[in-house]
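> Attaching a predicted model along with its sequence, questions to come.
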Amino acid sequence: MSAIVPRAAAADVTRLLTGAGEPDNALAIAYLQALWGSAKDRQALYRVLPAEFLTSMAALVASGGEAALRKDIETVKPRTVRRRLLLLTADPGPDATVDSVTARELIASGYERQNLTLKETRDDQGRLVYASSTDVQFGPLIFTSQEGTGTITHLAAVNESDNAAARVLAVWPLANPFQVHSGETLSVRAATLQIGVA
């Protein structure tokens, strides 16, 4: 299922790349190294880039500045990111925000945002993608409306962090919106959701 990635999520996709265990991300690293070298406010970069990546930057500075850089990196607090999957009942727009997604989120007893685990992989053309690696289940869902149903039109992934604002990572429009009836559960199979990296 193809995803719409909001412009605001570009930094989060970059963090996915640089935060992977053994990423194939030489191009992303080269770009970020150039950005770091030209940045006037490096503290802003320290707050959004993984500490592992920042540590690798130490090799790029002169030996006289390495100790200062490492000291700065040690002040970076661990950034715990939780990726959540949401069910939406309407289109949040082409450049979705947390507010527009939340306003269209399903309302039902038994509904909660679910954890979304992404795994780095390659598509059939060799392009880097992140795909859901486990099944995700919602419900049982109970609707209080007379119809006793809810219509799902989109899925959305949100990054939630303990030291940064939440961000919309991707939105997946469903080719065929469908109804969920009271008492039913909804499952999203592993590998169904993919986020491509341009």
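Arrived safely.

> what's the longest strand in the protein?
Ranked by number of residues, the top strand in the chain under DSSP state E is strand 167-181.

> For it, which helices and strands make contact with it?
Packing partners of strand 167-181 (3 or more Cβ pairs under 8 Å, 6 or more residues apart in numbering; DSSP states H and E): helix 10-19, helix 98-103, strand 149-161. In this view, the C-beta of every residue, glycine as well, is placed from N, C-alpha and C.

> Could you tell me the least trusted of those?
Mean pLDDT per stretch puts helix 10-19 lowest among the helices and strands packed on strand 167-181, at a mean of 53.

> Show me where this structure has its helices.
10-19, 26-38, 42-48, 51-57, 63-74, 98-103 (DSSP state H).

> Comparing those by mean pLDDT, which bottoms out?
With a mean of 53, helix 10-19 has the lowest mean pLDDT of these.

> which residues does Pro173 form a beta bridge with?
Beta bridges link Pro173 to His154, judged by DSSP bridges.

> Give me the buried positions along stretch 87-95.
By 16 or more other Cβ atoms under 10 Å, the buried positions in stretch 87-95 come out as Leu87, Leu88, Thr89, Pro92.

> Looking at these, which is nearest Gly183?
Minimum distance to Gly183 across these is 15.9 Å, recorded for Leu87 (Cβ to Cβ).

> That closest one - nearest residue in space that isn't next to it in sequence?
Nearest residue to Leu87, sequence neighbours excluded (Cβ to Cβ, 6 or more residues apart in numbering): Leu106, at 4.2 Å.

> residues contacting that neighbour?
Leu86, Leu87, Leu88, Thr89, Leu141, Gly150, Ile152 (Cβ atoms under 8 Å, 6 or more residues apart in numbering).

> same deal with Ser133?
By Cβ under 8 Å, 6+ apart, the residues touching Ser133 are Thr117, Leu118, Lys119, Ala190, Ala191.

> Quick one: the residues you listed as a markdown table, columns for pLDDT and distance to Val168 too.
Converted to a markdown table, those look like this (pLDDT from 0 to 100; distance: Cβ to Cβ, whole Å):
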| residue | pLDDT | distance to Val168 |
| --- | --- | --- |
| Thr117 | 91 | 18 |
| Leu118 | 87 | 15 |
| Lys119 | 87 | 20 |
| Ala190 | 92 | 22 |
| Ala191 | 87 | 21 |
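
> Distance check, Leu141 against Val171.
To Val171, Leu141 is 20 Å away according to Cβ to Cβ, to the nearest Å.

> Buried ones in the longest strand of the chain, by neighbour count?
So, applying 16+ other Cβ under 10 Å, buried residues of strand 167-181: Arg167, Val168, Leu169, Ala170, Val171, Trp172, Val180.
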